[in-house]
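J.: Build me a model:
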Amino acid sequence: MSLKGWSCWVVSIRMDDAEKLSLEAIYLFVAGSEEIRFEAQDRQQLYGWLERVLVEHEYAQQGKAARGLLRRYLAKMSGLSRAQVTR
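T.: Residues are numbered from 1 along each chain as shown. Presented below is the predicted three-dimensional model:
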């Protein structure tokens, strides 16, 4: 297969308040965005965002299904592996 005519695009998107998405919106995003991946500028920014998401959604009080959904969302958004997000 030839890639002639194809180009690679790098798009930088800033997502403000992404931690405030509802669990239903997160489910739809995770289910429908297999090709999308986001990256933070540095680890401190990444970990701060991860913490805000967990606090906003009261992770510790969620049921097993909701916690799994949040972990999948965090893995997709951050580029971390499932094991790294769980830690």
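
J.: tell me which element the residue nearest to Lys76 when sequence neighbours are not counted is part of?
T.: By the measure of C-beta to C-beta, 6 or more residues apart in numbering, the closest residue to Lys76 outside its immediate chain neighbours is Val30, 6.0 Å from it. C-beta coordinates here come from the backbone N, C-alpha and C atoms, glycine included. Per DSSP states H and E, Val30 falls inside helix 23-32.

J.: I'd like the average pLDDT over the next helix-or-strand element following that helix.
T.: Once helix 23-32 ends, the next helix or strand along the chain (criterion: DSSP H and E) is helix 43-56. Averaging pLDDT along helix 43-56 gives 89.

J.: Name the residues of helix 43-56 that come out as buried.
T.: Residues of helix 43-56 classed as buried: Leu46, Trp49, Leu50, Val53, Leu54 (neighbour count, 16 or more other C-beta atoms under 10 Å).

J.: The residues you listed into JSON lines, with extra columns for distance to Leu74?
T.: Formatted as JSON lines, these follow (distance: C-beta to C-beta, whole Å):
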{"residue": "Leu46", "distance to Leu74": "10"}
{"residue": "Trp49", "distance to Leu74": "9"}
{"residue": "Leu50", "distance to Leu74": "6"}
{"residue": "Val53", "distance to Leu74": "6"}
{"residue": "Leu54", "distance to Leu74": "8"}
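
J.: what residues are up against Leu80?
T.: By C-beta atoms under 8 Å, 6 or more residues apart in numbering, the contact list for Leu80 reads Leu74.

J.: I'd like to know how many residues surround Ala83.
T.: 8 (other C-beta atoms under 10 Å).

J.: swap that for Leu74, please
T.: Leu74, neighbours per other C-beta under 10 Å, totals 23.

J.: Nice, that's everything, thank you.
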